[in-house]
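Engineer: Quick one, what's the 3D model for this:
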Amino acid sequence: MGVEQAPTAKGKQSARDLHKSTAKEEKKVEAQKGSDLAKGAKRFDERSKSSDGKSAGAKQKPKR
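Structural biologist: You can find the predicted model right below:
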């Protein structure tokens with residue numbers, strides 16, 4: 001949930017804190033990795049691949 005969509009002040013603060021901690025963690029990972037993490041659709045594709053290098057869609061059986 002976004003900061004503006006939270007119905008209460010406590011919810012808005014929680015959303016802000018989550019956003020800040022996520023940004024901090026992302027910077028830490030990028031520093032360890034030595035390059036930026038993929039963003040948007042590239043990031044989705046990167047994260048959706050399993051340890052065998054295949055995406056979930058590639059491993060699904062075709063419908064009959």
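Engineer: Buried residues, stretch 4-23. List them.
Structural biologist: Residues of stretch 4-23 classed as buried: 12, 15 (neighbour count, 16 or more other C-beta atoms under 10 Å). Glycine gets a C-beta too; all of them are placed from N, C-alpha and C.
Engineer: quick one: low-confidence parts of the protein?
Structural biologist: 1-3, 46, 49-57, 59, 64 (pLDDT under 70).
Engineer: quick one: the longest helix anywhere in it to chain centroid distance?
Structural biologist: In the chain, taking DSSP state H as the definition, the longest helix is helix 9-33. Centroid separation between helix 9-33 and its chain, computed with C-alpha atoms, centre = their mean, to the nearest Å, is 11 Å.
Engineer: Mind giving me the packing neighbours of it?
Structural biologist: Packing partners of helix 9-33 (3 or more C-beta pairs under 8 Å, 6 or more residues apart in numbering; DSSP states H and E): none among the helices and strands.
Engineer: continuing past that helix, what's the next helix or strand?
Structural biologist: helix 40-48 (DSSP states H and E).
Engineer: Can you verify my assumption that residue 30 contacts residue 38?
Structural biologist: No: here residue 30 does not reach residue 38: they are 10.7 Å apart, not a contact under C-beta atoms under 8 Å.
Engineer: Report the contact partners of residue 27.
Structural biologist: If a contact means C-beta atoms under 8 Å, 6 or more residues apart in numbering, then residue 27 has no contacts.
Engineer: Alright, that wraps it up for me.
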